[in-house]
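**Student:** Okay, predicted coordinates and the sequence, questions at the end:
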Amino acid sequence: MSEYRSRNQPHTPRSLLAAILLTVTALVHGQGLDLGLPDIGDPSGSLFTPAQEQRLGQAFMRSVHKSMKVEKDPLLTAYIQSLGSRLIQSSPHVTGSFHFFLVDDPQINAFAGPAGNIGTYTGLIATTETESELASVLAHEIAHVTQNHLARTFDSVNRLNMPTAAMILAAVVVGAATNNPEAGLFVAQGAQAAQIQHQINFTRSNEQEADSVGIAILSGADFDPSAMAVFFDRMGKATRLYRSGKLPEFLSTHPVTTDRIADAFGRAEDHPYRQRPESLEYHLVKAILKLRQIENPRQAVDYFASSLREKRYRNREAQQYGHALA
C-alpha cells in the first residue's frame, strides 16, 4: 500500500473539531438545546425533535463542506448513494433518511454524522478489493445511526456543564470521523480528562455494536457477511507490515485488533455465505480513482493499456473506460 497526498489541503482532526465545536455551541445557544438539563428517558430514544436533528445535520454538513473537499463527480456521488440505499432498503429495521457522500481525499476513512449523513473517503474505495468490503464499511456507519450512538452520547454527558459537554461531543464526533477515539482526546485537552476517557470507552463499545449490526445489514443486502472481517484482517496485516516505519493514515487512526477481527469472523458465521456479483459501477468508480492516483497522463495511458494487454483486471469494461479517460 503506497501513500500519496491529496490534491488539496488534507483534512485534519483539529480543523474538523473546531468546525463541529462551533456547530454544537451555536445549536446549544441558538436552538434552545440545553445540554445540561435534557431528560430523554430511554437512551435509545432521540434527544432531538426531528426538526432539531435536521438543523444539526445541516449545520454538520456546512462544517464538512468548509473543512473537506466533498466529491462533485456525478458518477461517484450517484454510486455511493445507490450503494447506501441498497443496504438500507434491504434491512426492514433501518428507518429514517440517509445521505451518503464522498470526500475527495486519499485517507482510508468513513464517518457517520447527525441526521444520517454518512461520509466516505475516496481513498477507502480505492483500497477495497471487493464491493462487499466497501458495503461493509457503509453498513458499519449505518449501524452507528440506527443505534442512536450520537444521541446516546448526548445522554451520557447530559449532566455536565455546557462547555464541557460541547467539547466532549465534538471530540467524540472527531473520533467517529477518524475511527480513532483517541484523536478526540488529543484535540479536546481543555475538557476534564476522566470524563473524556469515559466517552472513549463508550465509543469503543459503540464500535463493537456497529460491527455486529453492520454485519447483519450487510448480509441482509446479499453481500458477503465476512467482508468486514476480511477487510479488518487485511488492515491488521498491513499494520504489522508498516510497524517499522510511518503508518499510512488508516493504520494510525483505525486500530485493528486480533480480537476485533476474530469477533467479526465469528459473527459472520451466523449468516449464510453469499458471493454477490460486483456491479459495473463499482469497477468504473475504482478506475476513475486509479486514474487520479497517476499524475502523469502518459503513465496513466500506459498503465491501463498494459493491464488490458496482460489481462490484469477484475472487469474489462472498467479498464477500457479508464484507458479512454486517460
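**Tutor:** Alright, I've got the coordinates.
**Student:** Domain ranges for the chain, per the record?
**Tutor:** Taking the TED database as the criterion, the chain consists of the domains 50-270, 280-325.
**Student:** just these: most buried one?
**Tutor:** Neighbour counts (mean count of other Cβ atoms under 10 Å) averaged over each of the domains of the chain peak at domain 50-270, with a mean of 19. The C-beta positions use only the backbone N, C-alpha and C, and glycine is treated the same way.
**Student:** Can I get stretch 263-280 in PDB, CA atoms only?
**Tutor:** C-alpha atoms of stretch 263-280 as PDB (Å, rounded to 0.1, in the frame of the first residue of the first chain):
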ATOM      1  CA  ASP A 263     -15.200 -11.300  16.600                       C
ATOM      2  CA  ALA A 264     -16.200 -10.100  13.100                       C
ATOM      3  CA  PHE A 265     -15.400 -13.600  11.600                       C
ATOM      4  CA  GLY A 266     -17.400 -15.200  14.300                       C
ATOM      5  CA  ARG A 267     -20.500 -13.000  13.800                       C
ATOM      6  CA  ALA A 268     -20.200 -13.600  10.000                       C
ATOM      7  CA  GLU A 269     -20.600 -17.300  10.600                       C
ATOM      8  CA  ASP A 270     -24.100 -16.700  11.900                       C
ATOM      9  CA  HIS A 271     -25.200 -15.500   8.500                       C
ATOM     10  CA  PRO A 272     -25.400 -17.600   5.200                       C
ATOM     11  CA  TYR A 273     -22.400 -17.200   2.900                       C
ATOM     12  CA  ARG A 274     -23.100 -15.100  -0.200                       C
ATOM     13  CA  GLN A 275     -20.900 -14.300  -3.200                       C
ATOM     14  CA  ARG A 276     -22.700 -11.300  -4.800                       C
ATOM     15  CA  PRO A 277     -21.500 -10.300  -8.300                       C
ATOM     16  CA  GLU A 278     -19.800  -6.900  -8.200                       C
ATOM     17  CA  SER A 279     -21.500  -4.100 -10.000                       C
ATOM     18  CA  LEU A 280     -20.000  -2.500 -13.100                       C
END
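**Student:** Now do that stretch, average pLDDT.
**Tutor:** Per-residue pLDDT over stretch 263-280 has a mean of 90.
**Student:** got it, and stretch 214-221?
**Tutor:** In this model, stretch 214-221 carries a mean pLDDT of 94.
**Student:** Span of stretch 120-129 from start to end?
**Tutor:** Stretch 120-129 stretches 16 Å from its first residue to its last (Cα to Cα, to the nearest Å).
**Student:** Run through who's touching that stretch.
**Tutor:** 1, 71, 76, 80, 100-110, 134, 137-138, 141, 231, 234, 249-250, 285-286, 289-290, 292-293 (Cβ atoms under 8 Å, 6 or more residues apart in numbering).
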